[in-house]
Structures are given as C-alpha cells and as structure tokens.
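Asker: Give me coordinates for this.
(2 chains)
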Amino acid sequence: MPNRLDATFAALKARREAALVTYVAAGDPFPTVEKTARVVLALAEAGADVVELGIPYSDPMADGPTIQAATQRALDAGVNPPFVFDVVRRVRRESQTPIVLMGYYNNVLRIGLARFAQEMADAGADGVILSDLPPEEADPWKTEADARKIATIFLLAPTSTPERIDAVVSDMNSGFVYCVSRTGVTGVQRDVPEDLHRLVTSIKNKTNLPVCVGFGISTREHVKQVSSISDGVVIGSRLVEALRSNAGSAEWETTIRKMVSEWKSGTTTKENHV
Amino acid sequence: MSVKAENASGAAQVAEDEYAPDQLGRFGGRFGGRFVPETLVPALDELTAVYEEARSDREFWKEFNFIAAHYVGRPTPLYFAEKMTAELGGAKIYLKREDLAHTGAHKINNALGQILLARRMNKPRIIAETGAGQHGVATATVCARFGCECVVYMGAEDIIRQHLNVVRMRLLGATVVSVESGTKTLKDALNEAMRDWVTNIRNTHYIIGTVAGPHPYPVMVRDFQAVIGEEARKQILNDEGRLPDHVIACVGGGSNAMGMFYPFVRDESVKLIGVEAAGRGIETGEHAATLTAGSEGVLHGSHSFVLQDEYGQVMPTHSVSAGLDYPGVGPEHAYWKEIGRASYVTVTDQEALDAFQWTARMEGIIPALESSHALAYVRKFAPNLPKDQIVLVSLSGRGDKDVDTVAELLKI
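Answerer: Just a heads-up that it's a prediction; the model follows:
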C-alpha cells in the first residue's frame, strides 16, 4: 500500500489543488483522546488534506507564544506521546487522512527510536516533523523510520543555502518538504513574505517531492497566494487560537469546519500553478 | 599519547586524541552535535568557520589577551587559603580567584571572546540568556565596551532572586527581558533567546554563556574559559613546583569547571571533580544534579545528560544558586563522566550556604553561591587527604549578588 501522504499529494496534483495542512496540538483545547480525535476528524472532513498533530514538549524552542501556551496546557493536563498515539489510532477507525506528528527530538530519543517509530506505525501515523532534528543528526532516526515506511519531513528556511537545500532533499524519500516562510518561530503574521516564491522555486528545482509552506499563514488570502507557488499550505497557530477560543461553545465544531473549508477553498484556485 | 592542549595564548595546537570532538562537535562520537531548527544551521556553520579561523589567528588571541589583561584584570591570582588549610587539617587548598575578574565572575572571559567574533561577523546586535545574572552582566559589559545593542533574556523567577545583577545590566545599557514561560528560570531564558535568534538571525549573534548548546558553542566557550586553567596550571607549577592532585569546580552548565579542568585533562595524575547542586537533596527530586541523577537526552541543541521524565519532558530543577539551576549540562562533561576522566559529586543548598559563610569568615572572601558548592565539597573532602596533597578550587565568582538571598535565608 502506498504511503497515505504520497497518495494524497498525487491525487491533489491530479486535481491541480494545493494541500491544506492543518496543525493542532494534541490535548488542547480538549485533554481527552476522544475529543482530540474528534477535532482531527472535523478538520479532515471539512477539507484538511493532511493533519499535523503536535506532541507537547516542555521546551518548544521553535514555537511562538500561541503553540507554546497550547502545548503547555496539554502537558499540564498530562498529555504525553502515548496519548498522541492513541489519538491517531482512534482517528484511523474512521479516516484515512494522512497524519503527521510534529514535535521535538528529545521525546523520540527518550522513548527510544525504534519503539517510537513502531508505535507510530502501529497507530497509523504517516510521517513526523522534528523541529530540532536537522538531516546531519537524523541518520539513527531515519533508519528506524524508513524501515517502517514513516516519512521524515525536514524543514528548509530562508537562511538555507543551496548546499543545504541539496542535503535536505536528497535525504528525503517520501512525504513533503516543509518550507519555513520566514526566519522566526511559529505564529500568526499579517503578510506572506515577498521573497517566498524565490525560496520555494529553488527548492522545487531540486526535488519532485511536494513543497508545503508554513509559519505565519492564517487567512484565505495567504492560502491563495501560497497555493499559487507551492504544493501545500500549513496553518497552525490561527487554528490553535480558534480552537481555544471556541472550545467552551457547543458550536465549536461548526465554527472550525467553516474556517477550514474557507481555507481549503483558497487551495483550489491554482491558475498559475505549475 | 601525550599532546599539549591548545591554549588561549596564541599557539593553537589542536590535539587529535580521545578528548577531541569530531567534525560535528561530538565528543566520543556521541555527546554534543547540533540539534536545532534549520534556520539556525547556516548561522552555526558561519560561526564555526569564523571561530576556526580566529582560533589559529595570532592577531585574534593578541587582542583577546590584551583586553583580558588591561580590562578584565587577568591573570587572576592563585591564592593559598592558609586558614582554610589549617582548619581542615588535610591537603593544601589553593583558590583560583575568578571572583576578582572584572564584573565579578569567570563569565567575562567567554563574553569577551564571543564579542570579538561577533565583530568579525559584522553582527551588531547581541543576545544572551542568564540565570544568576553573571553571564548577562558580562555580556552587557562587553556590549557597552564595543558599542553593540544588547538584549538579555532572564527567567522571571531569577529576576527576583538576582535583582542586583538586573540593575547592573540596565545600568550597562542592556535590555533585560523577563521570561514568563515554562519554569521561568535559566532553561526558559535559553529557549526564549533561541526564539529571538531564529527570528533575528541575520544581524544577531547569540552569546551562549556556558559550554552547552549546539556545536560550536561547547568547544568555543571551553576554549575561551580555558584561560582559567591555563593560568592556574602555570601558577601552581610556579608556586608549588608541581601539579595539583585534585581540581574542583561547581557544575551547572559547566563553563567554569570546563575552563578550569580542560588544561589539566591530559595530565593523568590530576583528578577532576565537578560539584553539582543537590538542592534540597537528590532524594527529594528538588535538585539540579544533571550528571548525577539525569539520563541521556537532547536539550538546547546538544546531546548530553538531561533531567527528564520517562517521556523526555524536561523536569523542573531547584538550587539555591540560580547559576546552577539548570536541567542540562555541557556535552564534554557528559563524555568525561562516561569515560571516567572526571567525577561528579553533589552538595546540598544547606551545605553551600554553610560554606558561603565559612569562606567569608575564614578567608575574608564572600563567594558566589555557585562557587560555594565547590567550597562545600572541599570542606568535606580535604580533611581526609594527606597534608602533602594539593587541592585547586575554582572560586568562579563573588557573592555580592547573593547577599539578599542569603540574608533572607539566614535571617540576618
């Protein structure tokens, strides 16, 4: 069976659509497996093509205030990697939407590389993004991940040199390349950086893997702009904020679904897409 | 194989032996490395290249040594603690007086080296993290001296307990940012400084204050701090005509210990002892003894020992000394522990407080609470040693900053 990520990106390409990738912190705003799974399913049903599930970590140095606060609340509620695996397992009873875990290397290292990869595979997760694991440190993890067909998704940034772009894309064999739109941490920003297309183009020139852009994207207008130059758009902090502020309302799911479908509509207008 | 260590006086000879790290900054192929977001990797490559060039550049060390002599006040004295020695009745005790360096602690050595590198990289903005405030003060000082903008991240809790140093940093023109996330101490200040760096990478150099962090920091900070041990080694050879039997220093992140130990690492007869903070006692869980009670992990960019739970979440730490209150430790210390080159012991808050007062009355020196941990261990250790042995202690900083904390604890 092909990896769910590869199948999803292939289908999107055939439809000339960009992927909508949405991030949610596991355990926030709802610190139960059942309700976090409900959030993931709602995102998928409303149009998210890939869901990133954040693993709460005590020292999230690549995250801005919104995701820091969300993952801290989850940690305070006792959320740890086994919870995250349980959410994936629960979602898989109803959905084949690709799920990518996003977090930091120390959780993986401490649990054990082989065990973590096996837990991911058993639960039905498709890939992982580890914000503090650059390719030069990734060999031990990739050995375990590759053996279980787990995609290891690396990040590229505006500071990445052509040599590093080469190194990153040559190290990857599935999933997508995560292009960080700006120097900085995660969080909502007003605009999409003007020179983004140059970075995306320089990556796309070197790989056939899909390139998804994240960090600072929050509106349908951003989604439209980024979709026209890339293969996917990642939205995190804005969604985490919206979940948090609507969690107390009985209508939270309706509100979130509406946001997601509006974002998704921005990915299907790819007149200029190559 | 006996190879002379590289030294900060100019003749940088890099030894290729079991103590040298590999290209990726890993000691023993395992501890160290570079676990950081992609955005930072090119900056670390640049820093490594600039540092490697400076390291073998006589002009660089000439400038470093000139400023160290005329501005910092180096060499700092090696002082024979006669009364302490007599009272304890064992080995002879020598104190390396880093408390007498400008700004009151060893931290200035590294801040000076790194600001010279920042100038070479044309980075006008400097950031730093600080726990006890000594590294923040040292960084603010060199920024004032060289005309750089300076932003220091400090945990909200540390801002309260080290208020004097906050005022000093502000007087020196630095902006002190209170960090309210996580445990509001040193580790969170480091996280926040990393976030600033990842955002402002193009014009900013991050002066990490200890031998932790991603490569090249552990090696680079060690080399700048090695001036402590190089001087002490010469001084003791001059005063006693031989090497010491034991060298003792406190270990939080581990920079003063590394600077003191490194020039002795290839002197096999010299025993190296790092003293960690046992806080309220290892058994209470309220401590900061990473090498003693931690396990292998990755924190703040390098693979070392970490105080963490079963899932790799970093645990809250406690020490009466803000500078030791850190759940990680430099990777080279982890390696030395692993191969048995250094041993690591612990001292409680109470023992450190007792040593603080004891040193003040015995020698007329008020030591930092951090350094008091090393002194507390000497107090327990030296009486059992023969009188012809020599113990060399790193008195890494002075205790003025701790006077409020101690006054409150002792109800003076």
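Asker: As a check, name the ranges of all strands in chain A.
Answerer: Counting by DSSP state E, chain A has strands at residues A:19-25, A:50-54, A:99-103, A:127-130, A:151-153, A:155-156, A:177-180, A:211-214, A:232-235.
Asker: With respect to A:Ala247, which of these lies nearest?
Answerer: When these are compared by CB to CB, strand A:19-25 sits nearest A:Ala247, at 11.7 Å. Placement of C-beta: from N, CA and C, glycine included.
Asker: Packing partners of that closest one?
Answerer: helix A:4-14, helix A:33-46, strand A:50-54, helix A:65-76, strand A:211-214, strand A:232-235, helix A:237-246, helix A:252-265 (3 or more CB pairs under 8 Å, 6 or more residues apart in numbering or on different chains; DSSP states H and E).
Asker: so how far is that strand off the chain centroid?
Answerer: A distance of 5 Å separates the centroid of the chain from that of strand A:19-25, by CA atoms, centre = their mean, to the nearest Å.
Asker: what about it, average pLDDT?
Answerer: If you average the pLDDT over strand A:19-25, you get 98.
Asker: Please name the strands paired to that strand in the sheet, noting orientation.
Answerer: The pairing partners recorded for strand A:19-25 under DSSP bridges are strand A:50-54 (parallel), strand A:232-235 (parallel).
Asker: what's the shortest one in contact with?
Answerer: Okay, so that is strand A:232-235. By CB atoms under 8 Å, 6 or more residues apart in numbering or on different chains, the list of residues contacting strand A:232-235 from outside reads A:9, A:12, A:18-23, A:49-50, A:52, A:176, A:178, A:210-215, A:217-218, A:222-223, A:226-227, A:263, A:266-267.
Asker: Low-confidence stretches in chain B?
Answerer: Applying pLDDT under 70 to chain B flags residues B:1-15.
Asker: re earlier: let me have the strands of chain A in CSV, extended by mean neighbour count.
Answerer: Formatted as CSV, the strands of chain A follow (neighbours: other CB atoms under 10 Å in any protein chain shown):
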stretch, mean neighbour count
strand A:19-25, 27
strand A:50-54, 27
strand A:99-103, 26
strand A:127-130, 25
strand A:151-153, 23
strand A:155-156, 24
strand A:177-180, 26
strand A:211-214, 26
strand A:232-235, 27
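Asker: what's around the residue nearest to A:Ser218 when sequence neighbours are not counted, how many residues?
Answerer: The spatially closest residue to A:Ser218, leaving aside those adjacent along the chain, is A:Arg238, at 3.7 Å (CB to CB, 6 or more residues apart in numbering or on different chains). A:Arg238: 20 surrounding residues under other CB atoms under 10 Å in any protein chain shown.
Asker: pLDDT score assigned to A:Arg238?
Answerer: 96.
Asker: Now A:Glu34: closest residue in space that isn't a chain neighbour?
Answerer: Counting by CB to CB, 6+ apart, the nearest residue to A:Glu34 once its immediate chain neighbours are dropped is A:Arg90, at 6.8 Å.
Asker: so where do the helices sit in the stretch 201-350 of chain B?
Answerer: For the stretch 201-350 of chain B, the helices defined by DSSP state H, counting those that start in this stretch occupy B:217-240, B:255-261, B:290-293, B:331-339, B:349-363.
Asker: Go through those helices and pick out the most buried.
Answerer: Most buried of the helices of the stretch 201-350 of chain B, by mean neighbour count (mean count of other CB atoms under 10 Å in any protein chain shown): helix B:255-261, with a mean of 32.
Asker: contacting residues around that one?
Answerer: Contact with helix B:255-261 is made by B:96, B:98, B:105-107, B:109-110, B:209-211, B:221-222, B:224-229, B:232, B:247, B:249-251, B:272, B:274, B:330, B:332-333, B:336, B:342, B:370-371, B:392, B:394, B:396-397, as judged by CB under 8 Å, 6+ apart.
Asker: Report how many residues lie close to the residue nearest to A:Glu34.
Answerer: When counting by other CB under 10 Å, one arrives at 19 neighbours for A:Arg90.
Asker: Report the separation between it and chain B.
Answerer: Remark: distance between A:Arg90 and chain B (CB to the nearest CB, to the nearest Å) = 19 Å.
Asker: what's the spacing between that residue and A:Asp76?
Answerer: To A:Asp76, A:Arg90 is 22 Å away according to CB to CB, to the nearest Å.
Asker: Same check on B:Leu100?
Answerer: Noted for B:Leu100: a distance of 45 Å to A:Asp76, by CB to CB.
Asker: Show me which of those two is the more surrounded one.
Answerer: More neighbours surround B:Leu100 than the other of B:Leu100 and A:Asp76, with 19 against 12 (other CB under 10 Å).
Asker: what sits against the more buried one?
Answerer: By CB under 8 Å, 6+ apart, the contact list for B:Leu100 reads B:Gly73, B:Thr76, B:Pro77, B:Arg398.
Asker: Of the residues you listed, which is the most crowded?
Answerer: In terms of neighbours by other CB under 10 Å, the contacts of B:Leu100 top out with B:Thr76 at 24 neighbours.
Asker: and whichever residue of chain A sits closest to chain B, how many residues sit next to it?
Answerer: Chain B sits closest to A:Arg110 of chain A, with a gap of 3.0 Å, by CB to the nearest CB. Applying other CB under 10 Å, we find 20 residues neighbouring A:Arg110.
Asker: That one reaches B:Gly312, doesn't it?
Answerer: Yes - using CB atoms under 8 Å, A:Arg110 is in contact with B:Gly312, at 3.0 Å.
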